[in-house]
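> when you get a sec, could you give me coordinates for this:
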Amino acid sequence: MSIVSKLMVVAVVMVSLMAGGCGSKGGRVDNLAGPAPANKAAVQPNKDGTIPSGTGVEKEKPAAGKANVQGKAFYDEKPAVGVQVKLCKTFSQYMNGCGGETFTTKTDDAGEYLIKDVPPGMYEGLTVQVFDTPFYVFATAGFISAAKYNIEDGKTYFAPDTNLFKNDLKLVNPKAGSKVAGTGIEVKWDAYPDAAYYKYSIHADSSSGAETNYDYINKRVDGTTASLDKPLAPGNYTAKVEAFNANDRKLSQTSQDMKFTVTGAPAAK
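Predicted structure coming up:
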């Protein structure tokens with residue numbers, strides 16, 4: 001897997017977190033009666049960078065000398081069922097992801113998970129897989145990506161809720177690998193299920209001569225098309241579109257390889 005794929009993000013998780021064509025075939029999103037609701041509040045890290053434990057009802061008491069980790073995963077505010085969760089002793093966003101001692105489990109029919117018999121200590125990764133894709137979201141719930149988790153002896157660590165998002169939003173124009181003129185660019189994408197609005201960004205590769213226009217960064221659009229009314233300088237760019245539901249939960253984004261090239265001199269500004 002490429003470094004970019006490992007950075008997905010997500011979640012989170014998570015992510016970041018997190019690459020192209022990531023549908024949810026084989027994954028389940030259930031809305032069962034009685035599952036624990038999603039926590040909408042962002043979790044702020046401690047001064048030492050660790051994510052504080054939340055509160056909740058323990059599914060099981062930790063074994064002597066061990067600890068448990070418990071949490072919930074959602075997609076579109078519904079329980080994400082049967083998705084893989086990993087707790088990693090070490091984590092590198094730029095190398096191979098999880099490292100050291102790793103604990104793996106899956107969410108149940110309520111989107112909840114329990115990792116048992118964890119040796120107390122500091123852990124650098126808690127990730128939730130995006131259904132049956134190679135991508136994941138970090139279980140941090142806030143503005144940060146990877147984080148540290150202090151797992152204490154005899155206690156259950158309650159992780160922040162993980163809200164998954166996919167990477168299968170389809171960009172129609174400009175197409176990946178295309179070459180376009182710097183003026184009259186229209187960004188188009190397919191409508192996404194349950195999306196209430198979208199945000200698009202045009203990121204510039206400055207090493208190619210491209211220039212960032214901040215009017216085209218995280219720009220909200222209620223439809224599925226956006227016209228760039230200012231020209232782009234020649235160079236390489238990446239188009240990114242994100243879909244959100246009515247409660248501002250991210251549902252999907254375009255893959256990370258939506259790169260295109262602007263050729264020729266732009267029109268006068």
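
> next, the buried residues of stretch 243-261.
243-245, 249-256, 258, 260-261 (16 or more other CB atoms under 10 Å). Heads up, the C-betas are built off the backbone N, CA and C, glycines and all.

> how about stretch 94-104?
97-98, 103.

> contacts for that stretch next, please.
3, 6, 69, 84-92, 115, 118-119, 125, 127 (CB atoms under 8 Å, 6 or more residues apart in numbering).

> average pLDDT for it?
The predicted model assigns stretch 94-104 a mean pLDDT of 86.

> now the buried residues of stretch 94-104 as a markdown table including distance to Lys219?
As requested, those are exported to a markdown table (distance: CB to CB, whole Å):
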| residue | distance to Lys219 |
| --- | --- |
| Gly97 | 31 |
| Cys98 | 35 |
| Phe103 | 41 |
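
> if we can go back for a sec, between the buried residues of stretch 243-261, which sits nearest Glu60?
Nearest to Glu60 among the buried residues of stretch 243-261 is Arg249, at 29.6 Å by CB to CB.

> and that closest one, how far from Pro62?
Look at Arg249 and Pro62: by CB to CB, to the nearest Å, they are 32 Å apart.

> ditto for Lys219
The spacing between Lys219 and Pro62, counted by CB to CB, is 47 Å.

> of those two, who's got more company?
Using other CB atoms under 10 Å, the more surrounded residue of Lys219 and Pro62 is Pro62, with 21 against 16.

> next up, the contacts around that one.
Pro62 makes contact with 68, 116-118, 153-156, according to CB under 8 Å, 6+ apart.

> give me the subset of those lying in strands.
Applying DSSP state E to these, the entries found in strands are 68, 116-118, 156.

> understood, closing this out.
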